[in-house]
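**Student:** what's the 3D shape of this:
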Amino acid sequence: MDKALKRYGQNYLRDKNIILKIINELDPQPNDLIVEIGPGKGALTSELLKEDINLMVIELDKNNCEYLRLNFPELKIMQADFLDVDLKIISKSKKIKLIGNIPYNITTPIVYKILSSAQQLETAVLMVQKEAAQRFSAKPGGKEYAGVNILINYFTEPEICFFVGRNNFYPKPNVDSAVMKFNFKNFKRAVSD
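**Tutor:** Alright, predicted model coming up:
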């Protein structure tokens with residue numbers, strides 16, 4: 001396995017059972033438009049490609065893009081930083097289902113990005129640091145509840161699906177993880193403030 005790059009926060013998931021559980025949470029349906037954030041070496045990607053879906057991956061690491069092109073020639077790959085991608089262009093008029101084992105060092109900016117793209121999204125299933133998941137799912141009145149929770153609860157119905165121990169990754173991170181699901185609500189109009 002190629003070396004994971006610390007600057008990109010890369011930790012590759014190795015357990016196929018967990019991979020299948022993550023995909024099950026996403027609940028891919030025929031002709032869904034699914035965007036995977038940071039596919040790495042394609043652990044989730046290879047299983048998603050078995051579904052009857054429209055799949056695109058967004059990967060920043062040039063070496064991973066080359067690996068994915070070589071191993072999954074039919075895959076639509078966008079080499080870019082997810083934070084810079086305009087999801088309106090990808091979605092056109094179809095809602096997107098997002099999935100990804102996202103870099104923990106930029107989890108909060110990614111969550112803000114997906115919230116700002118709420119009109120384009122149906123669901124997001126993300127692997128995040130366990131503590132971040134607990135923070136994102138905090139309820140009003142608790143010490144963890146903050147501004148981001150107001151936005152999360154306004155735009156989505158968040159839930160922690162399950163926890164994933166650090167031994168399931170290479171290289172092993174210093175923290176445990178959680179798979180979170182954000183079900184986006186349908187809005188007739190955007191909020192101005």
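**Student:** lowest-confidence helix or strand of the chain?
**Tutor:** The helix or strand of the chain with the lowest confidence, counting by mean pLDDT, DSSP states H and E, is strand 12-13 at a mean of 79.
**Student:** and it, what does it pack onto?
**Tutor:** helix 43-48, strand 169-170 (3 or more CB pairs under 8 Å, 6 or more residues apart in numbering; DSSP states H and E). Glycine gets a C-beta too; all of them are placed from N, C-alpha and C.
**Student:** for the residue lying farthest from the centre of the chain, grab phi and psi.
**Tutor:** Most distant from the centre of the chain: Gly141, at 27.7 Å, with distances by CA atoms, centre = their mean. Phi and psi for Gly141, reported as degrees, to the nearest 10, are phi 100, psi -20.
**Student:** and what of the one 10 residues further on?
**Tutor:** As for Leu151, its main-chain torsions (degrees, to the nearest 10) stand at phi -70, psi -50.
**Student:** residues contacting it?
**Tutor:** Tyr112, Leu115 (CB atoms under 8 Å, 6 or more residues apart in numbering).
**Student:** where does pLDDT dip in the chain?
**Tutor:** 1-10, 187-193 (pLDDT under 70).
**Student:** among the helices and strands packed on strand 12-13, which is the most enclosed?
**Tutor:** Most buried of those, by mean neighbour count (mean count of other CB atoms under 10 Å): helix 43-48, with a mean of 20.
**Student:** who's in contact with whichever helix or strand comes after that helix?
**Tutor:** Per DSSP states H and E, the first helix or strand lying C-terminal to helix 43-48 is strand 54-59. Residues from elsewhere that reach strand 54-59 (CB under 8 Å, 6+ apart): 31-40, 45, 48-49, 65, 68, 75-80, 82, 85, 90.
**Student:** looking at those, which are in helices?
**Tutor:** Thr45, Leu48, Cys65, Leu68, Ile90 (DSSP state H).
**Student:** make a markdown table out of those and add distance to Gly147.
**Tutor:** Compiled in a markdown table, the ones in helices among the contacts of strand 54-59 are given as follows (distance: CB to CB, whole Å):
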| residue | distance to Gly147 |
| --- | --- |
| Thr45 | 34 |
| Leu48 | 33 |
| Cys65 | 35 |
| Leu68 | 36 |
| Ile90 | 27 |
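**Student:** give the contact list for Glu144.
**Tutor:** So Glu144 contacts Gln134, Arg135, Ala138 (CB under 8 Å, 6+ apart).
**Student:** what's the answer for Lys76, then?
**Tutor:** Counting by CB under 8 Å, 6+ apart, the residues that Lys76 touches are Leu55, Met56, Val57.
**Student:** neighbours of the last one, how many?
**Tutor:** The burial count assigned to Val57 is 26, neighbours taken as other CB atoms under 10 Å.
**Student:** ditto for the first one
**Tutor:** Neighbourhood size, Leu55 [other CB under 10 Å]: 22.
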